[in-house]
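**Student:** Return a 3D structure for these sequence lines:
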Amino acid sequence: MNLRYTKQQGDDIMSYAKLLNSLIEKSGMTAKEIAKQCTEQGQKITASYLSILRNADSKRIPSDDISRALAKVLGVDENRLLLEAYLDNAPPLLKTALKNIYYIATQAAASMLGSEITESQHDNLRKIIDELPLSDIVIELAKNKHLNFYDNFLITKEKVDNTTYNMQIQLDLEFDVLDNAMEPKLPKGSRVKIKMQNEYKSGDVVAFKEKDNEKIQYRKLDITKKGEQLLVAFHSDYNVLEYDANNMVILGRVHAVTNQL
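**Tutor:** Now for the predicted structure:
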């Protein structure tokens, strides 16, 4: 099986703004608070300038020093914003190549371990990687010199007989919880690991995304006797959703809470 990247609609959107918006949302800070802290670090910016940077249509990329200041205030690796700024101005062919390299490297890592990614996992993997900031992909590729992607994969072995093992490789990614829909099990501000599966059963807590919405949400899957797939929140303020395969994608089952802020 060849893992390949096909250019998706929206690839030309300025990704710096998209990443910055995501980081600011996770920080919980206001534009004024961020601007004030950047100014205290010697990089004077205003809340209105920050709004310009967050607007993809403006196509504004700040200086390296401002990106470093923003990264420090937002508590993230400065390379994420610096790389995203450079990659925004990179030729589309280079961006496509980076996606392809990551897909190919993923397949190679699986092959080295004697495993093969299933067709279903292949499709889900592509959807997830398509959403990753290119800066994260570059950082990941840079730190893995021998395609040992052990931090990002969950490897399981099932003994078939005395000499044979059935190995399964599954992408194991971490995401933030941005609302209180699943409290107290998944508190807002916690970070969770998800496991991609071929099938999901009633009772699984899954991570999913709606079409044209970047936010990752979490719900308990409830499959009714009629076969309806419902996404149920633990918090009573959130409505029950019916899973729609045309407008939603399940990214994986939540199997661990790694930390709570």
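
**Student:** Sticking with residue 36, tell me its helix or strand.
**Tutor:** helix 31-40 (DSSP states H and E).

**Student:** Which positions in the next helix or strand after that helix come out as buried?
**Tutor:** Heading C-terminal from helix 31-40, the first helix or strand you meet, by DSSP H and E, is helix 47-54. By 16 or more other Cβ atoms under 10 Å, the buried positions in helix 47-54 come out as 49-50, 53-54. No exception for glycine: its C-beta is placed from N, CA and C like everyone else's.

**Student:** quick one: secondary structure of the nearest residue to residue 42 once chain neighbours are set aside?
**Tutor:** Take residue 42 and drop its neighbours on the chain: the residue closest to it by Cβ to Cβ, 6 or more residues apart in numbering is residue 69, 7.6 Å away. Assigned by DSSP: H, G, I helix; E, B strand; the rest coil, the conformation of residue 69 is helix.

**Student:** what about residue 69, neighbour count?
**Tutor:** By the measure other Cβ atoms under 10 Å, the count of residues near residue 69 is 24.

**Student:** pLDDT wise, what is it at?
**Tutor:** Per-residue pLDDT puts residue 69 at 95.

**Student:** can you check residue 191 too?
**Tutor:** 86.

**Student:** Phi and psi next, for it.
**Tutor:** The phi/psi pair for residue 191 (degrees, to the nearest 10) reads phi -130, psi 130.

**Student:** surely it meets residue 257?
**Tutor:** Yes: using Cβ atoms under 8 Å, residue 191 is in contact with residue 257, at 7.1 Å.

**Student:** Could you measure from the residue nearest to residue 42 over to residue 126?
**Tutor:** Here the criterion is Cβ to Cβ, to the nearest Å. By it, residue 69 lies 35 Å from residue 126.

**Student:** cool, residue 104 as well?
**Tutor:** Using Cβ to Cβ, one gets 12 Å for the distance from residue 104 to residue 126.

**Student:** Out of these two, name the residue with the larger neighbour count.
**Tutor:** Ranked by neighbour count (other Cβ under 10 Å), residue 104 and residue 126 place residue 126 first, with 18 against 15.

**Student:** what's downstream of the host helix or strand of that one, the next helix or strand?
**Tutor:** Per DSSP H and E, residue 126 falls inside helix 119-131. Counting by DSSP H and E, the next helix or strand C-terminal to helix 119-131 is helix 134-143.

**Student:** Can you give me the buried ones in that next one?
**Tutor:** For helix 134-143, by 16+ other Cβ under 10 Å, it's 134-138.

**Student:** what about the closest residue to residue 246 other than its chain neighbours, neighbour count?
**Tutor:** With Cβ to Cβ, 6+ apart as the criterion, residue 246 has its nearest non-adjacent residue at 7.8 Å, and that residue is residue 211. Residue 211 has 9 neighbouring residues, counting by other Cβ under 10 Å.

**Student:** could we number from 566 for the rest of this?
**Tutor:** New numbering, starting at 566: the last item is residue 776.

**Student:** my read: residue 776 touches residue 812, true?
**Tutor:** Yes: with contacts counted by Cβ under 8 Å, residue 776 reaches residue 812, the gap being 4.5 Å.

**Student:** what touches both of these two?
**Tutor:** Common contacts of residue 776 and residue 812 (Cβ atoms under 8 Å, 6 or more residues apart in numbering): none found.

**Student:** Nearest to residue 599 among the buried residues of helix 612-619?
**Tutor:** Nearest to residue 599 among these: residue 615, at 6.1 Å, using Cβ to Cβ.

**Student:** That closest one against residue 596, yeah?
**Tutor:** Yes: counting by Cβ under 8 Å, residue 596 is a contact partner of residue 615 at 4.8 Å.

**Student:** Need phi/psi at the residue nearest the centre of the chain.
**Tutor:** Residue closest to the mean C-alpha point of the chain, counted by Cα atoms, centre = their mean, is residue 697 at 5.2 Å. Dihedral pair for residue 697: phi -70, psi 140, per degrees, to the nearest 10.

**Student:** any idea what sits nearest it, other than its immediate chain neighbours?
**Tutor:** Among residues not flanking residue 697 along the chain, residue 667 sits closest, at 8.0 Å (Cβ to Cβ, 6+ apart).
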